[in-house]
Every structure is written in C-alpha cells, then in structure tokens.
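Q: Could you look at this predicted model? Sequence included:
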Amino acid sequence: MKYEYQPTLLKGWLREKRRPLLDKTIENSSQKYCGLLERLTEQFQQIVHEPVPVFVEWANQLSRREKLLLPNLYKKELPEDIKKTMVQLIQQNVKNERRLFRVLVDVVYQTCDLDEIWKLLKYSYAYHKERIEKRMEAKQAKKWRRFLLSEDPVLYLATEAYEGEKGILEELETFYLTKNFPLFKLVLMEIFQLADENFFLQEQELYREMFISATNEEQQKMAHELIKKCKLNHVKPLGKLIFEKLQTYRRKPMLWKYVGEEEKRRFAQWIIKLEMKDFFGGVNKNHERFQYWEKFIPKLEDVVVTDERSTLIMYFRDVVIMEVLGTGAVYVYRADVFHKHFQHKIDRMLMEREKYSHSWRKPREVKRSELMDKSLTIPGGWLIHNHDWQMKFDAWLRRELGWEVRRDVLLQKETENDEGSFDTNG
C-alpha cells in the first residue's frame, strides 16, 4: 500500500489566511486607482505654475500607468502654456498606448472640452482604429465613426439618443456616456429641444431628476421647452415642479428671463387656473364662483391664497379683487392702493412660505380681516353674493371698470382645452 503525505491542516490554514488578503485586493483595486490619481493631482498642483520645462521634466519621468492618468489633470482653466504642452505630451503618449482612448473619452465627457481633448480623442481613435473596433460590434463602430466626424458632437449624441430604438440612457451608453458626466446634461438639454410631448410624458422621472439638480438657467431652459411642447395638464406633476422652483414670472421675473413671452403667459394662466380650481372646491367644475371668475383668467396676472385657504386674492392690471370661500363680501381695490396698504403683508407671507417650504415651521398666514377696509375700496367696490349676484357683479365691473364681461368674448382667443382637460384626480 502506497501512502502520500498531504499537509491538510497547513493547506487549510494558508487558505484561510489568503482569503482576507484576496478580498482586500479586490476591494482596494479601485482605491489604488483613485489613490494614484490623487497623488498625481497633488504633485501637479505644486508645479502647475512653474516654468514649462519643470512640468515637462515631471511628466516625462512618470511611469506608464501614471501617463495613462495624465489626461485627467487637464482643465480648461489651466495656464495656456501648460495646457498646450500637456496636449502635446498626451498626443505623444497616444501613439504608444491604445488604452488612452477610453481615458480620453471620460475626460471629454467630464470637462466638456470639445476643442483640444476632442481632437486628441479623434486622433487616438484614428491611430488605433482597428484594435479599438475589435472590441465593438459593427453597429457600434459605425456610430462611433459618425460621432467623431460630426461637426456638432452634442447635437449628434442628442439626435442618436432621441431617434434611437432603445431608451436614451441605453443609446448613450453606446458611446460610454452615462448620467454622472457633465456632458450628459448638455446632451439632454439638446434632446429637450428636439423632443415632442410624448418624450416628456415617457421621461418624466428623468426630467424631474435633472431639473432638481440643474442650475437656475438650465431650469429656465427646461421649463421653456416643456411649456412650449406640452399641454400642461398632460404633464401636471412637472408643471407643479416648475412652479415650486420658479414660481411665476410675475413674482420672480429674474427666474424667467430665459423663457419665451408666450410660454410665460401660458404657464401663468395654467397655474392661476389650477390655483383657483383648487381654491373653489378642487375638481368641482360646477362651483358657481369658479365658473364666474374663470372667464377672467386671461386678464389675471397672479393669484394668492391665504387665511387657511379661505381667501383668494386676484391680481389684475388695474385692480386687486379679494374673494372669500363661503360667506363674505368681495373687496375691489385699485392696484396701487392695494400695493400701498396691503402688499407688504402678502410679500412677507410668500417669502416665509418659500423659506419654510421644507421645514416643520409654518409661515404666518395673512388673515382676511387684515385686508378688509371698505374705506379703501373703489366706490361701490364692496360686493356681496346675494340673489343674482353674477349679473350684479357683471354690471358693476362693466360700468365702473369698463371691463368686457361676456364670457364668449373673453374666452374667444382661448381654445377650450388649450392645456388639456383637467383630470378628476387633481
């Protein structure tokens, strides 16, 4: 009988000792990359303002792996002589390093530099075209060639993503572009200009995500495209998001300077109608007071609801009208009189609403009683809801203010379902 010695206990001990080391190696693989780039960044920051020969000497002594990371140090804000020299050094490295292609892709997407780094990316692809395309499907390679030859890379990506068979995220992944890169936002902004209402309906979650993280200028441009392309009741959650962040152009004119005049008007009328409808009983289209004041929406410039949602303040060009939910009179003030005596209270309340919108603290509501002063109203501008009050209101508004009060005339310029029908879920 032949015996063979097996150090079972020793093998088991070694296996147990090696596993934590192996796990640690896997866990730290990305950390090594980040650590190396961080160290290079620190070194670069120390020499970036030194004479160019100092930078060249430092760059030439880098290891092969470190040279792969060199493009990550590129920034548009660097001194021109350093930028020019860095581009030359990277171009030299491109010839010997196919892997620089993927690095340069990420740098273009991160810096949005469609000048110098874009040229280097095209050069890298052309120099290593055969080897790069071996790792691609034929369709992907064809798209990449068109992309790199396009005069407007952002527009090309936007068109491909919008017209592609897959969703825009999948289409852009063909070009290794994902949401975490700044260039993605530029492409998406371009897509919004190409898009129709169906796109906004399908991509509401993506729109919301990008809108919340966007700068104010970007939010305005996104709002412009949504309002321009959609019936707002079809994308009501997004319309409400715009109102939450930008309010209306009457209240926050500087937050609407990148939005077209027609879009401002349409959005203001839509949100005013929504606010009034909510005030007068939600989706109750038969509420007599809503039906009465609805015809004047094209003349309205703003509305504010206050006093625990019991009082509605309607701003017209010439007058401010205060209506009440339930019993109570209507007060009609000249616009300048209301602004002089009461507007500061409203402004303070609106400012507090915005300030405490995401806080447990509640802003102080302006009480209806604080806005009631018969001596300041237009003569006769204290109107009550008694028998045939609609006819009496019409007669007074026509006689004292010179208003057109015929519903068909007031609404003739407004299509009945201009913004889509109101759904019963609000």
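A: Perfect, thanks for sending it. Bear in mind that the values here come from a model prediction, so they are computed numbers and not experimental data.

Q: Tell me which stretches of this structure form strands.
A: 300-306, 311-316, 319-324, 330-334, 382-383 (DSSP state E).

Q: partners of the second one in the sheet?
A: It refers to strand 311-316. Strands adjacent to strand 311-316 in the sheet, as given by DSSP bridges, are strand 300-306 (antiparallel), strand 319-324 (antiparallel).

Q: What is the neighbour count of L206?
A: By other Cβ atoms under 10 Å, the residues close to L206 number 17. C-betas here are computed from N, CA, C, even on glycine.

Q: Can you check the pLDDT for it?
A: We have a pLDDT of 95 for L206.

Q: With E288 instead?
A: 86.

Q: how much space between the closest residue to it other than its chain neighbours and L149?
A: Leaving aside its chain neighbours, E288 sits nearest to Q390 (7.6 Å; criterion: Cβ to Cβ, 6 or more residues apart in numbering). From Q390 over to L149 the distance is 67 Å, taken as Cβ to Cβ, to the nearest Å.

Q: Looking only at neighbour counts, state which of those two leads.
A: The residue with more neighbours, out of Q390 and L149, is Q390; 13 against 10, by other Cβ under 10 Å.

Q: quick one: the more buried one and R289 touch, right?
A: No. Using Cβ atoms under 8 Å, Q390 is not in contact with R289; the gap is 9.2 Å.

Q: Relative to W396, how far out is the residue nearest to E288?
A: From Q390 to W396 the distance is 11 Å (Cβ to Cβ).

Q: Kindly report the same for I297.
A: Distance, I297 to W396, using Cβ to Cβ: 19 Å.

Q: related to what we said a few turns ago, please identify which of the strands paired with strand 311-316 is closest to L312.
A: strand 319-324 (4.6 Å; Cβ to Cβ).

Q: average pLDDT for that closest one?
A: 95.

Q: and the angle from that strand to strand 330-334?
A: 160 degrees (axes from the mean of the first three to the mean of the last three Cα atoms, to 10 degrees).

Q: Going forward, count from 26.
A: All set: I'll call the first residue 26, so the last point we hit is now strand 344-349.

Q: Pull the CA coordinates from strand 344-349 and hand them back as CSV.
A: The C-alpha coordinates for strand 344-349 follow below in CSV (Å, rounded to 0.1, in the frame of the first residue of the first chain):
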residue,chain,number,x,y,z
VAL,A,344,-57.4,96.2,-9.7
VAL,A,345,-56.9,93.6,-6.9
ILE,A,346,-60.0,91.6,-6.0
MET,A,347,-60.4,89.7,-2.8
GLU,A,348,-62.9,86.8,-2.9
VAL,A,349,-63.8,84.5,0.0
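
Q: Show me the shaky parts of the stretch 176-325 of the chain.
A: 307-311 (pLDDT under 70).

Q: all helices for it, in order.
A: Along the stretch 176-325 of the chain, counting by DSSP state H, counting those that start in this stretch, helices occupy 178-188, 193-198, 207-219, 222-227, 229-238, 241-254, 261-271, 286-304, 313-319.

Q: still on that earlier bit, select, out of the strands paired with strand 336-341, the one closest to K387.
A: strand 325-331 (12.7 Å).
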